[in-house]
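Student: can you look at this prediction? I've put the sequence above it.
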Amino acid sequence: MKEDYKHIILNEKDIDNFQQKNILITGANGLIGGALAEFFVFLNENYSFGIKIHLTSLSQKPERIKHLLNRKDITYTPLDLSKDDKIKGIFDYCFYCSGYAQPAKFLDRPIETINLNIGGLYKILENVYKQNNLARFIFLSSSEVYSANNSIYAHKENDNIIINQNNKRNFYILGKLGGENVINYFREKGYKAISARVSLCYGPGVLKDDNRVLSELTRKGLSNSEFIQLYDDGSAARRYIHISDFLQMIIKISLRGTQPIYNICGEEENTIYGLANIIGDYLGKKIKKGKTNHIVSKTAPQIVWNSLERYNQEFGKIQFKPFKQGVEEFINWYKKY
């Protein structure tokens, strides 16, 4: 990832704005929160940025970031933001990465999911802006808010959002939309708060118990089974984004973004069956389609494609890591886990 970090730094003209700043990252034990923490540590170690990095997550022993906890530039606070808001301090940049990103978890914990994305978010915003009304705040929403729109075209940020009232994932979807409305409430007061609708993010840094599709299919590919079994026909399609590409986009948005909402996704459209074939080809495994009553598969949206038009107009196009390359690199990393 170090080469990826260097690329981000070289391609962001305002990167020096992070120097000597206080940065808060919630949900730091996840893939995205942990990657952000590592990026800012990289700036400190290699460019002497002098950033004070404040991290929080649910875990008393955060596995994802345990290698960072003894650093002098890191402060870690275990905290359940669905119930508590004891984070104190003056922050210049805030990345709200809290929330259950794994479907099995947010389906099992609906009330906590709502509270994290709305109530917990509101309390943190209130605390942050009481101390520094110039802070820049990023809320990680999700591309899944588009899941009921059923459009063959890529979804834009100003599209009307359709809600399927019978969707069992609504606690997650409505939680993210509620969080976006909380962000808009603070924007109307003049604060620099932004929502990012993130598509499925992948790459090194997931935890061992991660049950999202890439981790699960990789485990099946590395098992003793002769084939990789899918829950269904694998036709659900997404624009996956590698964690390094996500970092490049979110850093630009956090430093220079002016719009209330940005889509963040890759540019390649891939189905789960296509993903399974990349893994199967790389590991010498055949793919077996299935017919499922698995709740995660049954409730998942079929097609969610985001438009990058707004991002590209404001920041310019980026060169994405090819999906096949990113998946194969992930498999190699996962083998060593």
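Tutor: The structure has been received and is ready for your questions. Residues are numbered from 1 along each chain as shown.

Student: show me the helices in the stretch 101-250 of the chain, by range?
Tutor: 103-108, 110-114, 121-131, 170-188, 213-222, 243-256 (DSSP state H, counting those that start in this stretch).

Student: nearest to Asn70, out of those?
Tutor: helix 243-256 (23.5 Å; Cβ to Cβ). In short, each C-beta sits where N, CA and C put it, glycine included.

Student: which of the residues in the closest one are buried?
Tutor: 243-255 (16 or more other Cβ atoms under 10 Å).

Student: just to revisit the earlier point, and of the helices of the stretch 101-250 of the chain, who's closest to Gln19?
Tutor: helix 243-256 (11.9 Å).

Student: and the helix or strand that that closest one is followed by, what does it pack onto?
Tutor: The first helix or strand that comes after helix 243-256 along the chain, using DSSP states H and E, is strand 261-264. Helices and strands touching strand 261-264, by 3 or more Cβ pairs under 8 Å, 6 or more residues apart in numbering; DSSP states H and E, are strand 192-198, helix 243-256, helix 309-315.

Student: nearest residue to Phe49 in space, please, no chain neighbours.
Tutor: Leu43 (4.1 Å; Cβ to Cβ, 6 or more residues apart in numbering).

Student: most remote residue from the protein's center?
Tutor: Distance to the chain centre peaks in the chain at Glu226, reaching 32.3 Å (criterion: Cα atoms, centre = their mean).

Student: quick check: Ala37 vs Leu116, distance?
Tutor: 19 Å (Cβ to Cβ, to the nearest Å).

Student: now Tyr146
Tutor: From Tyr146 to Leu116 the distance is 21 Å (Cβ to Cβ).

Student: any idea which of the buried residues of helix 243-256 is closest to Leu24?
Tutor: When the buried residues of helix 243-256 are compared against Leu24 (criterion: Cβ to Cβ), the nearest one is Ser254, at 11.7 Å.

Student: OK, contacts around the closest one?
Tutor: 93, 95, 136, 138, 194 (Cβ atoms under 8 Å, 6 or more residues apart in numbering).

Student: skipping its backbone neighbours, what lies nearest it in space?
Tutor: Going by Cβ to Cβ, 6+ apart, Ser254 has Ile138 as its nearest residue, at 5.3 Å.

Student: could I get the pLDDT score of that neighbour?
Tutor: At Ile138, the model reports a pLDDT of 98.

Student: also the one 4 residues further on?
Tutor: If you check Ser142, the pLDDT there is 93.

Student: mind putting the helices of the stretch 101-250 of the chain into CSV with distance to Ser307 and mean pLDDT?
Tutor: Listed next are the helices of the stretch 101-250 of the chain as CSV, based on distance: least, Cβ to Cβ, whole Å; pLDDT from 0 to 100:
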stretch, distance to Ser307, mean pLDDT
helix 103-108, 24, 72
helix 110-114, 26, 82
helix 121-131, 25, 94
helix 170-188, 17, 94
helix 213-222, 22, 95
helix 243-256, 14, 98
